[in-house]
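Student: Next input, structure requested:
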Amino acid sequence: MKILRRRFHVLAVTMLAFPAMFSASAAQAKEYPEQPVRLVVNFAAGGTSDVMARALSKPLSVTLGQPLIIENKPGALGVVGTAEVGRAKPDGYTLVLTTQGSLTESPVLNSNVPYDPLTAFEPVALVGESPLILFAHPSFPANSVAELISYGKTRKHGVDLAVTGSSVKLGAYALAGSAGINLVQIPYGGQGPALTAALGGHTRLVLNTSSTALTENVKAGKLKILGVGSEQAYPLLPGVPPIADTLPGYTAKAWWGVFAPAGTDQKIIARLNDAFSQALRDPEVEAVFKANGVLPVTSTPKELGDLVSAGLNQTRNLVKEHNIPVE
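Tutor: From the prediction side, this is the model:
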């Protein structure tokens, strides 16, 4: 009897352990992600944001064990794609790669932006930063910021300048205000279309982030750079003078970050933050970023959230300083 009881006890304990073993196995099977992850780029294909996303997709797919699907959703200076992600299910399968424009600038410039940047999203990771570049078609009469100012003051109806986002819009207003000239902003859906317009001479002056296409066309003599929006010389564009050399205090920069819908589980956010941090250390990703004039950078989710809060205050100050119209 003692032997039978002992055997029964062992069998009972083993059977009791099965549910726990099954639960642990099921939990592991449901570990995020279980399906492809969609990364929305809120600007047109061919621009810096698009190139960065596609460079990140390969190492991210390896790290996450699921494909990263890039989807371009341009419109309203980046607001359309960002808003779509803000409305998405907070399950970690829909993210947005955006510049600061959609979160720290458009919400200040336009009261119709359909989301609150501080409550509609969960910050995931900062991925890159770059100054804006002022460039032009070779036929443009000015070859420097100083010459642009002189030329602009002779143009009664202003100088056309392509803009592709709120960061560029703010940079253009600040440039016009600091220089005392009129810059007529011509909107484009992304850097690719703006670059095409510049190459065709349709909009001869452009303020935007750098890109491989831009630098290649500059080398080929099809475009020329007048200045860069960093405080000092930018290491990825040697020999290009800062606009601040002519207009002291002028800066125009961009940063790129990844965000998820508000309510996304913090364990998923941590998993994604780690995956993006790993991807940014990939030599191929670093090479693509730098070829496009972007410095790879990383952050914690909290640091990115703090950057959004600070950026909103900076935009409000710019609007006040340069009398920038708000819709």
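
Student: ok, residues contacting the helix or strand encompassing residue 167?
Tutor: In this structure, residue 167 sits in helix 166-179 according to DSSP states H and E. For helix 166-179, contacts defined as C-beta atoms under 8 Å, 6 or more residues apart in numbering pick out 77-78, 99-102, 105-106, 109, 132, 134, 145, 148-149, 152, 161, 163, 182-183, 185, 207-208, 229, 243, 247, 249-250, 252-254, 315, 318, 321-324. (Glycine included, C-beta is placed from N, CA and C.)

Student: thought residue 302 was touching residue 123?
Tutor: Yes. In this structure, residue 302 sits in contact with residue 123. The criterion is C-beta atoms under 8 Å, and the distance is 7.4 Å.

Student: These two: which has the busier surroundings?
Tutor: A direct count of neighbours by other C-beta atoms under 10 Å for residue 302 and residue 123 places residue 123 higher, at 22 against 9.

Student: now the strands for this structure?
Tutor: If you assign secondary structure with DSSP state E, the strands in the chain sit at 37-41, 68-72, 94-99, 121-131, 133-136, 159-163, 183-187, 205-208, 224-228, 253-261, 295-296.

Student: helices and strands around the first one, which ones?
Tutor: So the one you mean is strand 37-41. Packed against strand 37-41, as judged by 3 or more C-beta pairs under 8 Å, 6 or more residues apart in numbering; DSSP states H and E, are the following elements: helix 48-64, strand 68-72, helix 79-87, strand 94-99.

Student: In a markdown table: the ones you listed, plus mean pLDDT and distance to residue 118.
Tutor: Converted to a markdown table, the helices and strands packed on strand 37-41 look like this (pLDDT from 0 to 100; distance: least, C-beta to C-beta, whole Å):
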| stretch | mean pLDDT | distance to residue 118 |
| --- | --- | --- |
| helix 48-64 | 95 | 22 |
| strand 68-72 | 97 | 25 |
| helix 79-87 | 96 | 12 |
| strand 94-99 | 96 | 15 |
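
Student: Could you find the closest non-adjacent residue to residue 243?
Tutor: Closest residue to residue 243 in three dimensions, ignoring its sequence neighbours and counting by C-beta to C-beta, 6 or more residues apart in numbering: residue 227, at 3.9 Å.

Student: how is the chain carved up into domains?
Tutor: With automatic domain parsing serving as the domain definition, the record reports that the chain contains domains spanning 37-131+254-322, 136-245.

Student: worst average pLDDT in those?
Tutor: Across these, the stretch with the lowest average pLDDT is domain 136-245; it has a mean of 90.

Student: how distant is it from the center of its chain?
Tutor: Here the centre of mass of C-alpha atoms in domain 136-245, compared against the chain's by C-alpha atoms, centre = their mean, to the nearest Å, lies 20 Å away.

Student: cool, stretch 254-263 as well?
Tutor: Averaged over its C-alpha atoms, stretch 254-263 has a centre that lies 8 Å from its chain's centre (C-alpha atoms, centre = their mean).

Student: Kindly export it (C-alpha atoms) in PDB.
Tutor: Output of stretch 254-263 as PDB, limited to C-alpha atoms (Å, rounded to 0.1, in the frame of the first residue of the first chain):
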ATOM      1  CA  ALA A 254      15.300  67.400 -37.700                       C
ATOM      2  CA  TRP A 255      15.200  64.300 -35.600                       C
ATOM      3  CA  TRP A 256      13.500  60.900 -36.300                       C
ATOM      4  CA  GLY A 257      11.700  58.800 -33.800                       C
ATOM      5  CA  VAL A 258       9.500  55.700 -33.600                       C
ATOM      6  CA  PHE A 259       6.200  55.800 -31.900                       C
ATOM      7  CA  ALA A 260       3.400  53.300 -31.100                       C
ATOM      8  CA  PRO A 261      -0.300  54.000 -30.300                       C
ATOM      9  CA  ALA A 262      -1.000  55.000 -26.700                       C
ATOM     10  CA  GLY A 263      -1.800  52.100 -24.400                       C
END
